[in-house]
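Chemist: Fold the stuff below for me.
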Amino acid sequence: MSHDPMQHYQELCQARSQQKQPAWLRAIRLSAAARFAELGFPTRKHEEWKYTPVRPLTAVAFAQSPFPPSLSRVAAEDLLSRTVQGALRVVIGDGQILPAVSSLEALPAGVSIRSLREILDTESEQDDLLRQRFALALDRVGDNAFDALNLALFSDGVVIDIPKNTSLAQPIEIVYVGSCSSRPQIGAIRSFVSLARGSQASIIERFVGISPDAASTQHNTHATVSAPTQHNTHATDSAPYFTIASTAFFVEENASLDHYKIQQDDPSAFHIAWTWLHQKSHSRVSTFAVSLGAKVARNETEALLDGQGIETALNGLYLVEGDRFVDNRTFLDHAKPHCHSTEVYKGILSERGKGTFNGKILVRQDAQKTDAKQSNQALLLSDDATIYSKPQLEIFADDVKCTHGATTGYLDEKSMFYARSRGVPEEAARGLLTYAFANALIEGVRLPALQQELSTWLAQRFQLSAMDDLMGLFDEQELV
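Modeler: Residues are numbered from 1 along each chain as shown. Predicted coordinates:
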């Protein structure tokens with residue numbers, strides 16, 4: 001019997017709308033489902049999806065998990081060992097919060113971290129702000145079929161509120177766990193994060209997968225959390241999972257946010273996610289998206305600079321090997337004057353890996369004195385690797401400073417010769433130069449523990465066991 005993907009997802013949407021929920025949310029779900037049915041799945045004929053392979057995803061009949069997966073003791077310990085030590089932690093499995101492995105005991109006064117599902121079950125009729133945010137989410141769907149699907153299907157998420165003039169000493173880490181089980185599963189998550197005036201926080205979003213037996217039984221003691229292997233080309237024998245996630249950040253006046261997205265999904269998984277940023281006057285946001293896993297991954301980041309004196313930095317690093325595909329898309333909307341934005345994305349592609357970068361900067365007519373810079377740099381490690389890069393500027397103001405550019409190439413022959421002349425073997429020289437290319441971006445991570453984690457992972461990925469000895473052969477700036 002053939003699989004009809006549209007009918008399958010429409011049935012999932014219908015089942016979700018019939019579950020217990022507030023009437024206003026059911027109306028939003030039904031509107032989103034109708035929009036999804038109207039749009040259908042995008043194809044290569046759609047310019048925004050020209051390079052993203054959607055067909056492998058629609059060929060799988062993903063099902064929603066009725067209950068959160070249970071983790072074995074070993075799987076839980078392995079999961080926690082991969083998180084940032086000392087962080088406040090929320091773990092979401094297949095779209096539902098897992099209290100047993102979450103850690104929210106030490107919340108500062110006034111800071112709230114709640115399950116979206118629990119809010120909707122108990123408080124939603126009185127929560128006018130939440131209703132407004134869902135209405136905004138529906139308006140923002142536009143022509144994005146997968147965003148409509150997320151809004152129709154989401155099962156849980158996190159709602160974080162940080163009060164005025166509060167600075168969090170600890171980062172908050174949200175861990176999204178996908179299940180590599182015997183049946184393909186979809187986890188749809190929708191989260192909201194608010195930073196009130198003058199507040200400051202660091203938020204980490206981490207996406208990982210768990211092995212089949214970790215998701216299926218509480219008594220198993222041998223299951224572990226999957227993570228990208230050294231070459232990240234060996235998918236598990238179990239069915240793939242599909243993570244579809246949306247996180248909206250509301251950053252008020254003079255607030256400051258550091259946001260990190262670490263995508264380490266199982267190599268057989270599918271990942272589509274959005275990061276929405278709404279900034280008010282004199283706020284500061286820095287984001288860093290790292291893509292290390294998934295068979296097909298698409299990361300969309302959209303920032304609205306809705307006030308004067310705003311600073312926004314969008315950074316990203318993606319490593320693509322085997323036959324994996326990663327699509328990074330960004331949109332910076334300069335709506336008000338006197339704002340500054342920078343954007344640097346770097347990609348490392350090897351074997352048959354394919355990647356896409358599409359970065360658009362819009363400067364509206366009233367956004368005078370805008371200063372915006374964008375750069376995408378791709379390093380190809382094989383002749384079969386492919387990158388599609390499309391930087392865009394759309395400017396309607398006349399007093400601005402805007403630049404963009406994209407560079408694609410192989411390892412520099414002069415740098416290779418220089419490294420070899422210092423006695424470094426060829427393979428080690430390639431690894432060293434590639435590491436230096438990526439680590440220059442990682443050095444900007446403001447959380448020391450996370451910076452060390454990513455730097456160590458890179459060194460292991462490129463087999464640089466004697467990194468300190470090798471780096472000592474060069475001046476500080478010679479490899480950047």
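
Chemist: Every contact and neighbour count from this point should use C-alpha atoms.
Modeler: OK.

Chemist: the helices in the stretch 101-250 of the chain, which residues?
Modeler: Assigned by DSSP state H, counting those that start in this stretch, the helices in the stretch 101-250 of the chain fall at 116-122, 128-140, 145-153, 212-216.

Chemist: Taking helix 145-153 as reference, get the angle to the longest one.
Modeler: Here the directions of helix 128-140 and helix 145-153 differ by 150 degrees (axes from the mean of the first three to the mean of the last three Cα atoms, to 10 degrees).

Chemist: Would you mark the buried spots in helix 128-140?
Modeler: For helix 128-140, burial by neighbour count (16 or more other Cα atoms under 10 Å) applies to 130, 131, 134, 137, 138.

Chemist: elements contacting that helix?
Modeler: Applying 3 or more Cα pairs under 8 Å, 6 or more residues apart in numbering; DSSP states H and E, one finds that helix 128-140 contacts helix 23-39, helix 145-153.

Chemist: Can you say which of those helices is packed in most?
Modeler: Ranked by average neighbour count under the criterion mean count of other Cα atoms under 10 Å, the helices and strands packed on helix 128-140 are headed by helix 145-153 at a mean of 25.

Chemist: now the angle between helix 23-39 and that helix, please.
Modeler: Using the same axes, to 10 degrees, the inter-axis angle of helix 145-153 relative to helix 23-39 is 150 degrees.

Chemist: still on that earlier bit, adding mean pLDDT and distance to residue 301 as columns, could you present the helices and strands packed on helix 128-140 in a markdown table?
Modeler: Below are the helices and strands packed on helix 128-140 laid out as a markdown table (pLDDT from 0 to 100; distance: least, Cα to Cα, whole Å):
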| stretch | mean pLDDT | distance to residue 301 |
| --- | --- | --- |
| helix 23-39 | 96 | 20 |
| helix 145-153 | 96 | 13 |
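
Chemist: Make TSV out of those helices and add distance to residue 309.
Modeler: Converted to TSV, the helices and strands packed on helix 128-140 look like this (distance: least, Cα to Cα, whole Å):
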stretch	distance to residue 309
helix 23-39	35
helix 145-153	30
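
Chemist: Residue 401 is nearest to which of those helices?
Modeler: Residue 401 sits nearest to helix 145-153 of all those, at 32.8 Å, using Cα to Cα.

Chemist: Need the contact partners of that closest one.
Modeler: Contact partners of helix 145-153, identified using Cα atoms under 8 Å, 6 or more residues apart in numbering, comprise 12-13, 16-17, 28-30, 32-33, 35-36, 39-42, 137-138, 141, 188-190, 244-246, 272.

Chemist: With only the CA atoms kept, save that helix in PDB.
Modeler: Output of helix 145-153 as PDB, limited to C-alpha atoms (Å, rounded to 0.1, in the frame of the first residue of the first chain):
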ATOM      1  CA  ALA A 145       4.300  24.700   5.100                       C
ATOM      2  CA  PHE A 146       6.400  23.100   7.800                       C
ATOM      3  CA  ASP A 147       5.900  25.900  10.200                       C
ATOM      4  CA  ALA A 148       2.200  25.500   9.700                       C
ATOM      5  CA  LEU A 149       2.600  21.700  10.300                       C
ATOM      6  CA  ASN A 150       4.500  22.500  13.500                       C
ATOM      7  CA  LEU A 151       1.800  24.800  14.800                       C
ATOM      8  CA  ALA A 152      -0.900  22.200  14.000                       C
ATOM      9  CA  LEU A 153       1.000  19.300  15.600                       C
END
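
Chemist: pretty sure residue 346 is touching residue 318, no?
Modeler: Yes. With contact defined as Cα atoms under 8 Å, residue 346 and residue 318 form a contacting pair (6.5 Å).

Chemist: Give me the common contacts of those two.
Modeler: Common neighbours of residue 346 and residue 318 are not found (criterion: Cα under 8 Å, 6+ apart).

Chemist: To which secondary structure element is the spatially most central residue of the chain assigned?
Modeler: Centrality entry for the chain: nearest residue to the mean C-alpha point is residue 261, 4.5 Å, by Cα atoms, centre = their mean. Applying DSSP states H and E as the criterion places residue 261 in strand 256-263.

Chemist: CA atoms only: put that strand into PDB for me.
Modeler: C-alpha atoms of strand 256-263 as PDB (Å, rounded to 0.1, in the frame of the first residue of the first chain):
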ATOM      1  CA  SER A 256      20.900  40.900  26.500                       C
ATOM      2  CA  LEU A 257      20.700  37.300  25.100                       C
ATOM      3  CA  ASP A 258      23.400  34.800  24.100                       C
ATOM      4  CA  HIS A 259      21.700  31.900  22.300                       C
ATOM      5  CA  TYR A 260      23.500  28.700  21.200                       C
ATOM      6  CA  LYS A 261      21.900  26.000  19.100                       C
ATOM      7  CA  ILE A 262      23.900  22.700  19.100                       C
ATOM      8  CA  GLN A 263      22.400  20.200  16.500                       C
END
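
Chemist: State the distance from the residue nearest to the centre of the chain to residue 445.
Modeler: Distance, residue 261 to residue 445, using Cα to Cα, to the nearest Å: 12 Å.

Chemist: Check residue 422 too.
Modeler: For residue 422, the distance to residue 445 - Cα to Cα - is 30 Å.

Chemist: for residue 35, same thing?
Modeler: 39 Å.

Chemist: OK, contacts around residue 455?
Modeler: Neighbours of residue 455 in contact, by Cα under 8 Å, 6+ apart: 439, 442.
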